[in-house]
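Asks: turn this into a structure:
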Amino acid sequence: MTERKGRAKLDFLRKIEIEIQEKWEREKAFENDAPTTIGESTNKTKYFVTFPYPYMNGRLHLGHTFSLSKCEFAVGYQSMKGKKCLFPFGLHCTGMPIKACADKLKREMEVYGNPPQFPDEEEEEMVKPEVSDEFIIKDKSKGKKSKAVAKTGTATFQWDIMRSLGLSDQEIIKFAHAEHWLEYFPPLAIKDLKQMGVKVDWRRSFITTDVNPFYDSFVRWQFTTLKERKKIKFGKRYTVYSPKDGQPCMDHDRQTGEGVGPQEYTLIKMKIVEPYTAKFKAKVFYSSAMKGKNIFLVAATLRPETMFGQTNCWVRPDMKYVAFETTNGDIFIGTSRSARNMSYQGFTKENGVVPVAMEILGQDVLGCALSAPLTSYKIIYALPMLTIKEDKGTGIVTSVPSDAPDDIAALRDLKKKQALREKYGIEDKMVLPFEPVPIIDIPGYGNLSAPLVCDELKIQSQNDKEKLAEAKEKVYLKGFYEGIMLVDGYKGQKVQDVKKPIQKMMVERV
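Replies: Next up is the predicted model:
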């Protein structure tokens, strides 16, 4: 590596730069006052420049410099043409990122001490993001890039992120209070911008939030005016929501999870029909909140158009579920996580409150007879599946073995393993008569794609996870984008074209 030559030329240019910047400062070169007369306001062409407020949860970086240079060159050029130019500058402090960082520092001090003594990387087993086994039909118009890495680098803890900014432990303690961020970073941003030489009227710089009453009243005026003109209204929409803060948590508000948005599912209601199993009957008997009510197992699916092929419903025997009352008095059974989500979407009488009628285990509903929408089977049954995840959907899973490799593998396990059926109290009539129903024709895979691909890959059971993932990859997206429906009313139509109409039809029937 060759050594860098002397800095004489650089130092000479830097000396000139500093002298000129000091001259600008003395002469207030970029300060422009409002005209005092009408004539004064019309005898000179005006040029106004503004820049999206940089967020004050750290120092400015090269990306800001690059974007800012466009404004900087434009205002300089227009000023040289004799125009009256104005370049104010705002510093963004509103939103959740600053508060989230402050709260994280508090948490780290509570858990690891002050200053925190973090575990070594070798000692700490980092939790890796789990790869989802769901194939999401993505909106290709959405971007994938995130600013999270630019904000935090590779540091794991917030304290380490602050250290990477050159702060001492004594200084970092102050940042556990959100107000300190507003006092610390804006002056540094202004200092850096002045060193860059931006042509800003610094009398017109400001921070956001209600700490600045002038900016706060400006924003309030905007929203009040828009509401008065009926351009905006208050209501609900699907979004990522923070119950803790009582408001939506937008992309720029989150400390982690940028790019994550709401995922639409269709809720499949499967009514538990009488006579109940002895175990479930005993549960209902001891719950006054459930007696005489319509009780449903509810499953969340991304593919409502496949419900024509449902042969059963899957429940994990050892998983905890809740039975809760909905707005119309029906009882839904799902995981507590899914019940909480539904309570914020109008499924319960009180927003955010889940009226739990009973807590049950999956094994309590195994063998229950169900009436499900669209399927050609009059009655299907709740059967055991051991691979259901508590953090996906409702914990209740529909089974379409014609097109879902996981479903055909689990159904085959129950069909050929009598001991497995006996272990969970599943009678032969609940499993043996049920066969996959052809509903979709997929080029290259026919009308029973899941059994075909499972046979090709020699999948032996529902525990062959790697092979099942491969099988799902082969048929899932191909089935959605290239599959042709075989069922009456939709025969000959592409699967992707009928998903929404079928979903709409199912919702209207409820």
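Asks: quick check, residue 271 in a helix?
Replies: No: Residue 271: not assigned to a helix; according to DSSP: H, G, I helix; E, B strand; the rest coil it is strand.
Asks: list the contacts of it.
Replies: Going by Cβ atoms under 8 Å, 6 or more residues apart in numbering, residue 271 touches 294, 295, 296, 370, 371. Any C-beta I mention is one placed from the backbone N, CA and C, and that applies to glycine too.
Asks: tell me which two of these sit farthest apart.
Replies: 294 and 370 (12.3 Å; Cβ to Cβ).
Asks: who's more crowded, the two?
Replies: Neighbours per residue (other Cβ atoms under 10 Å) separate residue 294 from residue 370, with residue 370 holding more: 21 against 14.
Asks: would the more buried one count as being in a helix?
Replies: No: assessed with three-state DSSP, residue 370 is strand; it does not lie in a helix.
Asks: what would the contacts of residue 271 look like in JSON lines with distance to residue 426?
Replies: Formatted as JSON lines, the contacts of residue 271 follow (distance: Cβ to Cβ, whole Å):
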{"residue": "294", "distance to residue 426": "24"}
{"residue": "295", "distance to residue 426": "20"}
{"residue": "296", "distance to residue 426": "21"}
{"residue": "370", "distance to residue 426": "14"}
{"residue": "371", "distance to residue 426": "19"}
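Asks: name the next helix or strand following the helix or strand of the chain with the lowest mean pLDDT along the chain.
Replies: Here the helix or strand of the chain ranked lowest by mean pLDDT, DSSP states H and E is helix 148-152, holding a mean of 49. On the C-terminal side of helix 148-152, the nearest following helix or strand under DSSP states H and E is helix 158-164.
Asks: buried ones in that next one, by neighbour count?
Replies: Using 16 or more other Cβ atoms under 10 Å as the burial criterion, the residues of helix 158-164 that qualify are 158, 159, 160, 161, 162, 163.
Asks: pull the distance from it to the chain's centre.
Replies: Its chain's average C-alpha position is 25 Å from that of helix 158-164, according to Cα atoms, centre = their mean, to the nearest Å.
Asks: rounded mean pLDDT for it, please.
Replies: Predicted confidence along helix 158-164 averages 92 (mean pLDDT).
Asks: show me what that helix is packed against.
Replies: On a contact count with 3 or more Cβ pairs under 8 Å, 6 or more residues apart in numbering; DSSP states H and E, helix 158-164 meets helix 96-112, helix 169-174.
Asks: who touches the first one?
Replies: By Cβ under 8 Å, 6+ apart, the list of residues contacting helix 96-112 from outside reads 55-57, 115-116, 118, 151, 157-159, 161-162, 172-173, 175-178, 180-182, 242, 245, 249, 252-255.
Asks: with just CA atoms, put it into PDB.
Replies: C-alpha atoms of helix 96-112 as PDB (Å, rounded to 0.1, in the frame of the first residue of the first chain):
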ATOM      1  CA  MET A  96     -40.900   6.500  17.700                       C
ATOM      2  CA  PRO A  97     -37.300   5.800  16.800                       C
ATOM      3  CA  ILE A  98     -35.800   8.200  19.400                       C
ATOM      4  CA  LYS A  99     -38.100   7.000  22.100                       C
ATOM      5  CA  ALA A 100     -37.400   3.300  21.100                       C
ATOM      6  CA  CYS A 101     -33.700   3.900  21.400                       C
ATOM      7  CA  ALA A 102     -34.000   5.600  24.700                       C
ATOM      8  CA  ASP A 103     -36.200   2.800  26.100                       C
ATOM      9  CA  LYS A 104     -33.700   0.200  24.800                       C
ATOM     10  CA  LEU A 105     -30.900   2.000  26.700                       C
ATOM     11  CA  LYS A 106     -33.000   1.900  29.900                       C
ATOM     12  CA  ARG A 107     -33.700  -1.800  29.300                       C
ATOM     13  CA  GLU A 108     -30.000  -2.600  28.700                       C
ATOM     14  CA  MET A 109     -29.100  -0.900  32.000                       C
ATOM     15  CA  GLU A 110     -31.700  -2.800  33.900                       C
ATOM     16  CA  VAL A 111     -30.600  -6.200  32.500                       C
ATOM     17  CA  TYR A 112     -26.800  -5.700  32.100                       C
END
